[in-house]
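what shape does this take:
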Amino acid sequence: EMDGAIVMLREATDQGHIKAAEFVGTVYRLGQGVAVDYPRAMAGYKVGAERGDAADQHQVGSMYCKGLGVEVDYKQALLWLEKAAAQDYAGSIDVLGMMYYEGTGVTPSCRRAREYYERAIELGDSSAVENMQ
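Numbering: from 1, shown residues only. Below you'll find the model as predicted:
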């Protein structure tokens, strides 16, 4: 069953349906009806990310940050998270705050971390409240 659904989602992705690509990524990242497969998840998310979808850009950045399906690459993580943040994707803004607070792939900066956290809070990201404390 799931194999057929994946085939249909991939066909939809090929026809330009970005959310289908995101769904494929999520199915493989979380192992929903299939084995967890981070490289396939990354491939799904990248389709949407390259087409400008903020949620997919966030997932690609997060996967680079954590090394899921790819080698850890903070430069790529930063690139994709910043693209999502430019579209006011609160989760990416929060992650950028954590990166600057911890100095993960960037020069540590409490000032920049606070700026990101405040922006994420303004956009409704409740986890940024906890991270800022």
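
by mean pLDDT, which helix or strand of this structure comes out lowest?
Within the chain, no helix or strand scores below helix 2-14, which has a mean of 80 by mean pLDDT, DSSP states H and E.

hmm, residue 93 and residue 119 touching each other?
Yes: between residue 119 and residue 93 a contact is recorded at 5.2 Å, counting by C-beta atoms under 8 Å. (Glycine included, C-beta is placed from N, CA and C.)

the more surrounded of the two?
Higher neighbour count among residue 119 and residue 93: residue 93, with 26 against 18, using other C-beta atoms under 10 Å.

contact partners for the more buried one?
85, 116, 119-120, 123, 125, 128 (C-beta atoms under 8 Å, 6 or more residues apart in numbering).

how about residue 29, nearest residue that isn't a chain neighbour?
Using C-beta to C-beta, 6 or more residues apart in numbering and skipping the chain neighbours, the partner closest in space to residue 29 is residue 41 (3.8 Å).
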